[in-house]
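> Got a sequence here, can you model it:
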Amino acid sequence: MDDATRTAPQNTESNDGTGPDDTAPRNLTRERWEANAEYWVKIIRERRDRYRTELTDGAMLDAVGPCAGLRILDAGCGEGYLSRELASRGADVTGVDLAQGLIDAADAHPPVEGGSVSYLRASVDELPFGDDEFDLVVCNHLFSHLRDPKDAIGEFARVLKSGGRLVVLTLHPCFYVENSEHGAMTSVPADRYFRPRGIDQRFLVDGLRSPAEITSWLRPLEYYSGTLRDAGFVIADLREPHPSAERLRDDPWWREGFPTAIFILIIAELR
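Numbers count the residues shown, from 1 in each chain. Below you'll find the model as predicted:
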């Protein structure tokens, strides 16, 4: 699954730090992503999401670095585009996602040359793998769709080998607010920043609106650092992918769509 980083004008953010999924069962989130599966396959395969194609994909691949021979878990793989790219670079990749529609789309894609890639439907909170199986876990636009990523982080620590890495690209919790992609620069008040907050929205990418609404969850940076630490990780690097000054100057789309920091990338090592 992917981050809801293209907001619709009618988005609402809960005032009490909880969204409608706060007490909903996990299958509600799955149902919403199943409803959006065909939409996301179209967006990704037609390369309509400029945030990904011109910014965050490159940031993720740069953070991963050379990966030939590595066994990689693509957690929240969606329709599999990052898994395929990593496999084309020589990695042996396993992609997991909660939505069967996205896994079916990934399986149906023609194979790539290089390493290997396989997919299965699974929750990142309960991974169907043994301990110490992977060299690297990547989470590309996943964390903001986990109401609480603590269990997933624990599972990543379990399936990673000692010294393995976790690379996470997600919405920036310090600055991301409703309608950030439409030029909003409202700051996040402290009484909302330091507790979970949910933003309910439909995706709006390149003029196409998603069938189902999604909740994006954000938590303060200290939550992510503390949860990673408690699971045995050490943060090795923290990056904030952003367009160049020249792109912001020359491209009106980026000037409107990137009014403040929207993304954060964390590289953590398991000790």
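
> so what's residue 60 up against?
82, 138, 140, 167, 169, 265 (CB atoms under 8 Å, 6 or more residues apart in numbering). Every C-beta, even on glycine, is put in place using the N, C-alpha and C of the backbone.

> tell me, how many neighbours does the last one end up with?
Just to be clear, that refers to residue 265. 20 (other CB atoms under 10 Å).

> Three-state assignment for it, please.
strand (DSSP: H, G, I helix; E, B strand; the rest coil).

> out of everything not next to it in sequence, what's closest to it?
residue 239 (4.3 Å; CB to CB, 6 or more residues apart in numbering).

> Quickly note the distance from the one you found to residue 192.
With distances taken as CB to CB, to the nearest Å, residue 239 is found 25 Å from residue 192.

> Neighbour count: the two, which is higher?
With neighbours defined as other CB under 10 Å, residue 239 and residue 192 compare such that residue 192 has more, 17 against 14.

> I'd like the distance between that one and residue 213.
For residue 192, the distance to residue 213 - CB to CB - is 20 Å.

> Within the helices and strands, which one has residue 153?
In this structure, residue 153 is located in helix 150-159 according to DSSP states H and E.

> C-alpha coordinates for that helix, CSV please?
Provided in CSV are the C-alpha atoms of helix 150-159 (Å, rounded to 0.1, in the frame of the first residue of the first chain):
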residue,chain,number,x,y,z
LYS,A,150,5.0,-0.5,16.5
ASP,A,151,4.1,-4.1,15.7
ALA,A,152,5.4,-3.8,12.1
ILE,A,153,8.7,-2.3,13.4
GLY,A,154,9.0,-5.3,15.8
GLU,A,155,8.4,-7.7,12.9
PHE,A,156,11.0,-6.0,10.7
ALA,A,157,13.5,-6.4,13.5
ARG,A,158,12.6,-10.0,13.8
VAL,A,159,13.0,-10.9,10.2
